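Here is a sequence together with a model predicted from it:
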Amino acid sequence: MAEDIAARKTDPNTLSNIEDVRTTNIDVDIAVDFSSHTFDGTAKLDLLILKDGVSHVVLDTRDITVNKVQDGDGSDLTFTVGEPVKAFGSPLDIQFKTPLNKDATTVVSVQYKTSPKASALQWLEPEQTAGKKHPYLFSQCQAIHCRSMIPCQDAPSVKATYHAKVTVPRELVALMSALRVGEEPVSGDKTKWTYKFHQKVPIPSYLIAIVVGALESRVIGPRSRVWSEKETVDAAAYEFVDTEQFIATAEELCGPYVWGEYDLLILPPSFPYGGMENPCLTFVTPTIVAGDRSLVNVAAHEIAHSWTGNLVTNHTWEHFWLNEGHTVFVERKILGRMHGEKTRQFEAFGGWHTLQDTIAAFGDTNPHTHLVPSLQGIDPDDAFSSVPYEKGSALLFYLEILVGGPEVFEPFLRSYVDNFKYKSLTTAEWKDYLFSYFKDKVAEGVFDKVDWKAWFHTPGMPPLKPEIDTTLSDACTTLSKRWREAKATELDQFNADDLKDFTTGQKIEFLSQFLLQDPLSLDTLKAMDKCYSLNSSKNSEIRFRWYRMCIRGGMEEVIPMALDFVTEQGRMKFVRPIYRDLYAFDKAREQAVERFKQNRNQMNIICSNMVAKDLKVSE
């Protein structure tokens, strides 16, 4: 059973017949309607037949109205839309005129309309934006939400190029996860403007992305711009000044950057993730714009995805660690090359603590904590956590040490990317390639000590902790231990100078360590705030950890601050744990549920659905 999952290529999260037919290109023509919160669209799919006697193609859809389907000659095709299947939407079954044989090509063109409740799209009213004058729209298709925006084969193993035309109100700008190739007024309608795009590199559907808003850009490098509303674009440009160095360092590790442009988009606060690696246009949360460039490692992560994830992709969401574990590993390699190896080790140390905290929240027997989980009948969003990121990265960190260090393992990493670029793969295929590349190490028995079953198919923490240098974390550990061991009469020994030599990352790690221990007393928490002014911090990562410490310690005066924090931004990394902590605190539970109900319609649907489950709130 376990080995079957590592090797399993069938995709449990698509309704499409991807074993029979593959999409090779998508042409989309979309009219964005802010008044109805819908797209009127046409999606023309170029299809390749994979076996003989194929009579139909099944596309994934969710909450989409299909008006007409035609072939490449403009002839109508017979189609049916099936009943919804759990979180997976409804199959759109399109019959070909005649059965087709292997290697044949054909075209289907679907005229459709999206629903106002399309899970891929969030529509913001002007008051939800920085400028307060114009509406805003953005998409989030990972993992299986593209099917609510475009009828498609919504599976990560299906990679296609795309062309797009997007028509929007004239005063707004449209961008996509593709190169910008033109724009023009709409003939006969002075209120509309059409933008054109081309993504020349084949990508899975989850990387198709769109944003429409009152956007401006600033040049931040030879192949990069940062986009945002004019009220925030200059601050964003300051924050991401090191983008080109990140890209160049990643190229040293992984090979040439094939996507042409690398732009960043700073989204409104409701964006549910830290970043999303949409090709040519990374989407980023505003919570990392700290003003001091202290949180921009998220950009390093998303840049690393240009190779691990976007170029080399997990075959199904059960193998998600191939995307995220490798990307965290490369992200930290980038930071290590730019800021020193001790920085990479420090980030790995913090990542281990993040993994411990996540597994404590899930429970160490929860099957979602497998590195390669079974997602049969399960929405991938329900299994999302730091496990594929941090357990996957820890495995690679361990293997690097095992084979002889970076000078031995980094060439493998580059070879792996080169071998699987433009493709998708399973965990079993990754392991086969590892063994093929390191066949001399296999012969020496180097990998015999790796407990692959424990790493891939056992819940909870990994079977061992890699050896991590603690030089930069020792000061954090020492100070946190002093606080934990201090008696009530000894709290005056601490002062602001304790942190004066700490980097922002060390302050974050210092606070993180308390989340892995029993809660501090109220007196201790109050003394800590008096020393370090934590209640007044503007840094989102510090606020997140501090509020959690206080909620767990029963500090009632922090409840309003924590509620404001989960209302003013929608990053799931922050929102879900704090809501869960508030729910577990009897004096905060009712307030948390009430605030969520008040704010739910302002939240991204992916985030709101997950928080509703956390708070046991029904639809």
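Here it is on my side, so go on.

Mind checking what helix or strand follows the helix ranked longest in the chain in sequence?
Longest helix in the chain, counting residues (DSSP state H): helix 341-362. Per DSSP states H and E, the first helix or strand lying C-terminal to helix 341-362 is helix 380-383.

I'd like to know which elements that following helix is packed against.
Applying 3 or more C-beta pairs under 8 Å, 6 or more residues apart in numbering; DSSP states H and E, we find helix 380-383 packed against helix 605-614. No exception for glycine: its C-beta is placed from N, CA and C like everyone else's.

okay, the angle between the helix it packs on and helix 341-362?
50 degrees (axes from the mean of the first three to the mean of the last three C-alpha atoms, to 10 degrees).

in helix 605-614, what counts as buried?
By neighbour count with 16 or more other C-beta atoms under 10 Å, helix 605-614 contains the buried residues 605, 606, 607, 608, 609, 610, 611, 612, 614.

Dump it to CSV, restricted to CA.
Taking C-alpha atoms only, helix 605-614 is exported to CSV below (Å, rounded to 0.1, in the frame of the first residue of the first chain):
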residue,chain,number,x,y,z
ILE,A,605,-12.7,31.5,0.1
ILE,A,606,-9.8,29.0,0.5
CYS,A,607,-8.9,30.6,3.9
SER,A,608,-12.5,31.1,5.1
ASN,A,609,-13.4,27.5,4.3
MET,A,610,-10.5,26.2,6.3
VAL,A,611,-11.1,28.5,9.3
ALA,A,612,-14.7,27.5,9.3
LYS,A,613,-13.6,23.9,9.8
ASP,A,614,-11.2,24.9,12.5
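
Looking at the buried residues of helix 605-614, which one is closest to residue 87?
Among the buried residues of helix 605-614, residue 609 lies closest to residue 87 (C-beta to C-beta), at 9.5 Å.

So the closest one is in contact with residue 381, correct?
Yes: between residue 609 and residue 381 there is a contact under C-beta atoms under 8 Å: 7.4 Å.

Show me where the stretch 101-250 of the chain has its helices.
Using DSSP state H, counting those that start in this stretch, the helices assigned to the stretch 101-250 of the chain run over residues 233-239, 243-254.

same for the shortest one, what does it pack against?
Using 3+ C-beta pairs under 8 Å, 6+ apart, the elements in contact with helix 233-239 are strand 215-221, strand 224-229, strand 263-266.

got the buried residues for that helix?
Quick answer for helix 233-239 (16+ other C-beta under 10 Å): 233, 236, 237, 239.

Tell me how far that helix lies from the chain's centre.
22 Å (C-alpha atoms, centre = their mean, to the nearest Å).

Lowest mean pLDDT among the helices and strands of the protein, which one is it?
helix 2-7 (a mean of 68; mean pLDDT, DSSP states H and E).

Out of the buried residues of helix 605-614, the closest to residue 528 would be?
residue 614 (27.1 Å).

Low-confidence bits of this protein, can you list those?
1-4 (pLDDT under 70).

Which strand runs longest in it?
strand 189-204 (DSSP state E).

residue contacts, the residue most central in space within the chain?
Residue closest to the mean C-alpha point of the chain, counted by C-alpha atoms, centre = their mean, is residue 276 at 4.7 Å. Listed by C-beta atoms under 8 Å, 6 or more residues apart in numbering, the contact set of residue 276 reads 140, 142, 209, 282, 283, 302.

Next: residue 240.
220, 224, 226, 264, 296, 299.

Could you rerun that using 6 Å?
Counting by C-beta atoms under 6 Å, 6 or more residues apart in numbering, residue 240 touches 220, 226, 264, 299.

Residue most distant from the centroid, this structure?
Within the chain, residue 489 marks the point farthest from the mean C-alpha position, 45.7 Å out by C-alpha atoms, centre = their mean.
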